[in-house]
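> With the sequence up front, the predicted model follows.
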Amino acid sequence: MTNQSTDVAIVGGGMVGGALALGLAQQGFAVTVIEKSEPAAFDATAQPDVRISAISAASVALLRGLGVWESIQAMRCHPYRQLETWEWENAHVLFDARELKLPLLGYMVENSVLQRALWDALQAHPQVTLRTGDALSALRAEGDRQQLTFADGETLTAKLVVGADGANSWVRQAAGIGIHAWQYQQSCMLITAQCASEAGDSTWQHFTPAGPRAFLPLYDNWASLVWYDTPARIRQLQTLTMAQLEQEIGRHFPTRLGAVKPVAAASFPLARRHALQYVRSGLALVGDAAHTIHPLAGQGVNLGYRDVEALLDVLSSARTHGEAWSSFGVLKRYQMRRMADNFIMQSGMDLFYAGFSNSLGPVRLLRNLGLMAAARAGVLKRQALKYALGL
């Protein structure tokens, strides 16, 4: 049986775990990343990944600082400059980058592109060890260190283990950290579609009592459509052919969408989860392992990148000052910085979900009056946009 050691073991090498691993390696930490499999190579001739993330300006700054943004741009991404939302035609709210004197609000990026760019950078970094295809079987404390045991009996000892392994985090469960969680009475379908003309640089969301319909522009004439509805309705949509789905899109999306041709679709249930703790001595959770959020505003991965920035700052500062950087006292600073912010964003999305998920006349009137007021809110509207962008 082989026993290896590292400073930080990160379980999960996706968009959030990969960014954290690269940031720690660049600050001199020895990092081991444990991931099920290496992401697929980028293929410029392939249609877009059905999984898309709206990357905010603050997240772009993080990725640029890590030195991977240029690689992402060399593959594929698409800027968006406007965000519009409405239910009634006379109750539109438009967020424009020019209101904040910014060139753009962010970028639409395929998840596979983000993962590949980060993985390439990790492969090239001498402080990083990548392990794929190795299943974990146990996690336990060994004095002031954590020991991970693999299914083949091999062990890895680390000063800090980070769970970046998604909503059903093995690390969180192995550490015995509970969660507050509930299932929304709503599911989501992502649809990759070809538009009749270029997709443009505006993203929009039309609220309906059954759930929003959203449009995310991609490169050339490609777009991603997001269909929120009851779980039963989404299951029914899953059974349709692409030609049948095209007809349903024409019936249920706003006419401004125009003619589109769906080519791929995927669906998933929506759930809110929030870990009761983000940290233990020698252990931390980031991204979806710590919190999941209703995707109405596309904030999931951006909150994960805020976690990354905070944990990088806490760990590097503690090590610079000679502190025991993997101790509970130090890691709790990260928890204090991130838990309240994530809770506020989750709660805000829950309010939107509750307010826009019923067809009662008085509620519809109130929410549309609220949208009209928001459109005229001036400074408050700009502040809300800056908060969402992480600025």
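That came through fine.
> Give me the phi and psi for the most centrally placed residue in the chain.
In the chain, the C-alpha nearest the mean C-alpha coordinate belongs to Val301, at 1.9 Å (CA atoms, centre = their mean). Per-residue torsions, Val301: phi -70, psi -30 (degrees, to the nearest 10).
> Please list all residues in contact with it.
Contacts of Val301 were listed using CB atoms under 8 Å, 6 or more residues apart in numbering, and they are 15-16, 53, 55, 59, 114, 287. The C-beta positions use only the backbone N, C-alpha and C, and glycine is treated the same way.
> for Ser5, same thing?
When contacts are counted by CB under 8 Å, 6+ apart, Ser5 touches 145, 156-158.
> Highest neighbour count among these?
For those, the largest number of neighbours (other CB atoms under 10 Å) sits with Ala158, at 24 neighbours.
> part of a strand, is it?
Yes: assignment of Ala158 by DSSP: H, G, I helix; E, B strand; the rest coil places it within a strand.
> distance between the helix or strand containing Gln205 and the chain's centre?
Per DSSP states H and E: Gln205 is located in strand 202-206. With CA atoms, centre = their mean, to the nearest Å as the basis, strand 202-206 stands 18 Å off its chain's centre.
> Then stretch 227-236?
22 Å.
> Equivalent analysis for stretch 337-347, please.
From the chain centre to the centre of stretch 337-347 is a distance of 14 Å (CA atoms, centre = their mean).
> Stretch 18-35 too?
Mean-position distance between stretch 18-35 and its chain equals 19 Å (CA atoms, centre = their mean).
> Ok, stretch 261-274 next?
Put simply, stretch 261-274 sits 13 Å off its chain's centre (CA atoms, centre = their mean).
> What residues sit buried inside it?
Residues 262-263, 265, 267, 270, 272-274 are the ones in stretch 261-274 that count as buried (16 or more other CB atoms under 10 Å).
> right, and the secondary structure at Ala167 would be what?
Using three-state DSSP, the secondary structure recorded for Ala167 is coil.
> Offset the numbering so it begins at 741, please.
Okay, residue one is now 741; in that scheme the one you just asked about reads as Ala907.
> Return the set of buried residues in stretch 1052-1066.
Applying 16+ other CB under 10 Å to stretch 1052-1066 flags 1052, 1054-1056, 1058-1059, 1065-1066 as buried.
> Show me what that stretch is in contact with.
Contacts for stretch 1052-1066 (CB under 8 Å, 6+ apart): 760, 763-764, 767, 769, 884, 899-900, 1021-1022, 1070-1071, 1073-1074, 1077.
> mean confidence for that stretch?
Average pLDDT, stretch 1052-1066: 97.
> Extract the C-alpha trace of it and format it as CSV.
What follows is stretch 1052-1066 as a C-alpha-only set of coordinates in CSV (Å, rounded to 0.1, in the frame of the first residue of the first chain):
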residue,chain,number,x,y,z
LEU,A,1052,-7.3,31.8,-1.8
ASP,A,1053,-7.0,35.0,0.0
VAL,A,1054,-7.5,33.4,3.5
LEU,A,1055,-5.0,30.6,2.9
SER,A,1056,-2.3,32.8,1.4
SER,A,1057,-2.6,35.5,4.0
ALA,A,1058,-2.5,33.0,6.9
ARG,A,1059,0.6,31.3,5.4
THR,A,1060,2.3,34.6,4.9
HIS,A,1061,1.8,35.5,8.5
GLY,A,1062,3.1,32.1,9.7
GLU,A,1063,-0.3,30.8,10.9
ALA,A,1064,-1.5,27.2,10.8
TRP,A,1065,-3.4,27.8,7.5
SER,A,1066,-5.3,24.5,7.6
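> Can you get me the centre-to-centre distance for it and its chain?
Here the centre of stretch 1052-1066 is set off from its chain's centre by 26 Å, with CA atoms, centre = their mean.
> before we move on, what about stretch 826-840?
The answer for stretch 826-840 is 23 Å, by CA atoms, centre = their mean.
> Over to stretch 875-888?
On CA atoms, centre = their mean, the centre of stretch 875-888 falls 27 Å from that of its chain.
> Could I get the average pLDDT for that stretch?
94.
> That stretch spans what distance, first to last residue?
From its first residue to its last, stretch 875-888 covers 10 Å (CA to CA, to the nearest Å).
> residues in contact with it?
Stretch 875-888 has contacts (CB under 8 Å, 6+ apart) with 745, 749, 751, 774, 889-891, 895-901, 910-911, 914-915, 1021-1023, 1064, 1066-1067.
> again, but for stretch 765-775
Under CB under 8 Å, 6+ apart, the answer for stretch 765-775 is 744, 746-754, 757-758, 761, 764, 806-807, 862, 865, 867-872, 874, 876, 888, 896, 898, 1052, 1055-1056, 1059.
> Among the residues you listed, name the buried ones.
746-754, 757-758, 761, 764, 806, 862, 865, 867-871, 876, 888, 896, 898, 1052, 1055-1056, 1059.
> Can you name the helix or strand that Met1085 falls in?
Taking DSSP H and E as the criterion, Met1085 maps to helix 1068-1095.
> shaky segments in the chain?
Flagging of the chain using pLDDT under 70 yields the residue ranges 741-742, 828-831, 1034-1038, 1086, 1088-1131.
> and the contacts of stretch 875-888, which of them are in helices?
910-911, 914 (DSSP state H).
> most neighbours, which of those?
For the ones in helices among the contacts of stretch 875-888, the largest number of neighbours (other CB under 10 Å) sits with Val911, at 26 neighbours.
> Return a PyMOL selection command for the buried portion of the contacts of stretch 1052-1066.
Per 16+ other CB under 10 Å, the buried members of these correspond to this PyMOL selection:
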select buried, resi 760+763+764+769+899+900+1021+1022+1070+1071+1073+1074+1077
